[in-house]
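>>> pasting the structure only:
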Ligand SMILES: Nc1ncnc2c1ncn2[C@@H]1O[C@H](COP(=O)(O)OP(=O)(O)OP(=O)(O)O)[C@@H](O)[C@H]1O
């Protein structure tokens, strides 16, 4: 005789079978959607009238085909919602059951089989709780392996929390959130994955905030800031595709390594359109020189904006000669005084130097035209106006009173010439600062300058004064705690009328100009009214490692909420080694016994030694710039560790990480918070004071 328990068990197993069949049907339907898109692609180009439309259609269809590609390794859905009543999004649809997945899948008559996670109805999947069921009777989460469903778990939200985890089938059974926990604790093998199956309510609120809302997310290491930013990009594209296709979303990261890393996540989010750029590449520059640290700090100082502004606009000079143009057998003239009046008007109305110059050109031509009209019976034509405005005398006058320039020419002129610099910095920078800025061996021409990476912020500032840069509807800025005031200004110019999502952690600020508070950064970004929202639950770093790293926070002089961790697994070990790099290589070899990626993070000065030690140990390894990894070990200089994560981290010589830079403690905090499962600290010198309690471990 069967016990009631086994009956229930059998019912659950049957139900899992039903779900597997549903998944197979949805996969087949997706395959047909793709076939249809491909067929359209084949005939599309031939049937559309003009070449431009054909190309547009082709691009859209290629993208559609790519979006519909079936990925057999991930199930098409990860959740199911049973609602009390039909959702009111679509009056023709009275379904109360929805499957939530990475993209829409419809059957042959356009009936939805799977809803995109970004669709309005899906919101309840992330937000509903026993306290606020939001119309949800049952929320089902699916466990999977290699694209196959292996389990499910139900929360009955209508039962007021009394029974919020009743049914569970398959290998994921065990607790109300075992599928969630298993998903969160899964080992990392490649780059970061999307988190659409497990977005938490507090993250979802940020992801789905209105396009008009500017947010600043202060979150400790591994609280999902980058993930939230990327999912927000995907959500905004989905919800406002038309609008964002024109004005776009720009994702800005601190360096190319992180950009490359996150670029691999975006396509899996079904989003291929967001532009991604590192903050240093906003003004592309062939960098061939370095700056002393104090010079770099000065170049990033907001006061430089005032200096450059003055240097540029002071190029406008009073007219010394009249403008004279011929018309018929006469010559018509504009006096220097009349010209100066036009300059004053154009200047008062100009928002950019370049725009003002063009406005002045038109005004000069218009004034000359009026003179002609007053004196001759025959009014000059529109083409006379156009050719006059482009004529040599007008351009010469313009060049004299409102000289053209380029960012390179202006900065070259300023930093090579003591008198020009003194005039521009008067009352803004002191003499010592002027000396710092002046080039000791100026290049002969702007083209011959050997620019430093920090010159980019000066050049971009001037470029922005000359002409308005492209502005985006939404800007997502990762690791924003490291932005300098001048970098913030560069971003502000690109989002004048748009909104921003600023992501960062003040405790991880490692640049000399790192923000002391979000108030500063947001002010320079021109978004002082952005809401600052904390995220304090960590998903990456295991609790034991997080608590260890948190030991450093009181020494950072910041008032921040403590980051806790959702992960109870993981381990921490501190090892004393006489030969640091050999010890580290040994630890890497041991780490390979586990599943997942291994990051060997070393002080920058030890990179070469560590590489040699890995080679000597016969371990295959990659640098952080590897497009396609050859092995599971990555060698990471401490200065590039930010934003990255590895299943197993071997962190070498904390004391040296701290000693190698001014904000070394912040850097160490970054280094110690990269591990998803295990952290091994290899040291020779004593640990920094704040970590000593663990030294005996
Ligand atoms: N809701 C979630 N479910 C599962 N995993 C999550 C969730 N949120 C974040 N994660 C994972 O936690 C890890 C850390 O996320 P992420 O890199 O976005 O954090 P971060 O706040 O940007 O960290 P850092 O400050 O160190 O750069 C990633 O592997 C991410 O996929």
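Now that the structure is in, tell me what you want to look at. Treat the numbers as computed from the prediction; the structure is a model and nothing was measured.

>>> Residues of the chain that sit close to the ligand?
Residues of the chain lying close to the ligand by C-beta under 6 Å from any ligand atom are 184, 192-193, 195, 198-200, 203, 219, 221-227, 505, 508, 539-540, 643, 645, 673. For the C-beta atoms, the positions are set from N, CA and C on the backbone; glycine is no exception.

>>> Next, give phi and psi for residue 196.
phi -60, psi -30 (degrees, to the nearest 10).

>>> What's the local residue count around it?
The tally of other residues near residue 196 (other C-beta atoms under 10 Å) stands at 25.

>>> Could you double-check that residue 461 lies in contact with residue 489?
Yes. Taking contacts as C-beta atoms under 8 Å, residue 461 lies within contact range of residue 489: 6.5 Å.

>>> So which helix or strand of this protein has the lowest pLDDT on average?
The weakest-scoring helix or strand in the chain, judged by mean pLDDT, DSSP states H and E, is strand 168-170 (a mean of 51).

>>> list the helices and strands the helix or strand hosting residue 23 packs on?
Following DSSP states H and E, one finds residue 23 within helix 4-47. For helix 4-47, the packing partners by 3 or more C-beta pairs under 8 Å, 6 or more residues apart in numbering; DSSP states H and E come out as helix 51-67, strand 77-83, strand 97-101, strand 105-106, strand 112-116, strand 148-156, strand 168-170.

>>> Okay, angle between that helix and strand 148-156 too, please.
120 degrees (axes from the mean of the first three to the mean of the last three C-alpha atoms, to 10 degrees).

>>> Show the average pLDDT along helix 4-47.
The pLDDT scores in helix 4-47 average 83.

>>> so how far is it from its chain's centroid?
Distance, stretch centre to chain centre, for helix 4-47: 34 Å (C-alpha atoms, centre = their mean, to the nearest Å).

>>> quick one: it to strand 112-116, angle?
In terms of direction (the same axes, to 10 degrees), helix 4-47 departs from strand 112-116 by 90 degrees.

>>> Grab the most central residue of this structure for me.
In the chain, the residue lying closest to the centroid (C-alpha atoms, centre = their mean) is residue 251, at 3.5 Å.

>>> So that residue sits against residue 278, correct?
No. Counting by C-beta under 8 Å, residue 251 does not reach residue 278; the two are 10.0 Å apart.

>>> Could you report the neighbour count for residue 481?
25.

>>> meant to ask about residue 109
Here the count is done by other C-beta under 10 Å, and residue 109 has 5 residues near it.

>>> sec struct for it, please.
At residue 109, secondary structure determined by DSSP: H, G, I helix; E, B strand; the rest coil is coil.

>>> show me what contacts it?
For residue 109, the contact set (C-beta atoms under 8 Å, 6 or more residues apart in numbering) is empty.

>>> Kindly report the same for residue 64.
residue 37.

>>> Tell me the residue of the stretch 1-150 of the chain that sits nearest the ligand?
For the stretch 1-150 of the chain, the nearest residue to the ligand under the criterion C-beta to the nearest ligand atom is residue 126, separated by 9.3 Å.

>>> Show the pLDDT at residue 530.
96.

>>> Please work out how many residues are found near it.
20.

>>> Show the backbone phi and psi for it.
Torsion angles, degrees, to the nearest 10, at residue 530: phi -60, psi 150.

>>> my guess is it contacts residue 216, does it?
Yes. Contact between residue 530 and residue 216 holds when scored by C-beta under 8 Å: they sit 4.8 Å apart.

>>> circling back to that earlier point, which residues do residue 251 and residue 278 both contact?
In contact with both residue 251 and residue 278: residue 259, using C-beta under 8 Å, 6+ apart.

>>> Ramachandran coordinates for the residue in the stretch 51-200 of the chain positioned nearest to the ligand?
Proximity of the stretch 51-200 of the chain to the ligand (C-beta to the nearest ligand atom) peaks at residue 198, 3.5 Å away. The phi/psi pair for residue 198 (degrees, to the nearest 10) reads phi -130, psi 20.

>>> intersection of neighbour lists for residue 461 and residue 489?
Jointly contacting residue 461 and residue 489 under the rule C-beta under 8 Å, 6+ apart are residue 305.

>>> show me what contacts the closest residue in space to residue 508 that isn't next to it in sequence?
Nearest residue to residue 508 in three dimensions, chain neighbours excluded: residue 670, at 5.0 Å (C-beta to C-beta, 6 or more residues apart in numbering). Applying C-beta under 8 Å, 6+ apart, we find residue 670 in contact with 221, 508, 510, 638, 641, 642.

>>> Tell me the one of those nearest the ligand?
Taking C-beta to the nearest ligand atom as the measure, residue 221 is the one of the contacts of residue 670 closest to the ligand, at 3.8 Å.

>>> what about the closest residue to the closest one other than its chain neighbours, distance to residue 546?
Computed as C-beta to C-beta, 6+ apart, the closest residue to residue 221 that is not its neighbour in sequence is residue 673, at 3.5 Å. Computed as C-beta to C-beta, to the nearest Å, the residue 673 to residue 546 distance reads 7 Å.

>>> The two: which is more packed in?
Using other C-beta under 10 Å, the more surrounded residue of residue 673 and residue 546 is residue 673, with 30 against 26.

>>> Could you report the distance from the residue lying closest to residue 200 once chain neighbours are set aside to residue 225?
For residue 200, ignoring the flanking residues on the chain, the nearest one in space by C-beta to C-beta, 6+ apart is residue 537 at 7.1 Å. Counting by C-beta to C-beta, the separation of residue 537 from residue 225 is 12 Å.

>>> The two: which has the busier surroundings?
A direct count of neighbours by other C-beta under 10 Å for residue 537 and residue 225 places residue 225 higher, at 25 against 16.

>>> Verify the contact between that one and residue 231 for me.
No. Taking C-beta under 8 Å as the definition, residue 225 is not a contact partner of residue 231, at 10.9 Å.

>>> on that earlier part again, the residue nearest to residue 221 and residue 570: what is the separation?
Taking C-beta to C-beta, one finds residue 673 at 12 Å from residue 570.
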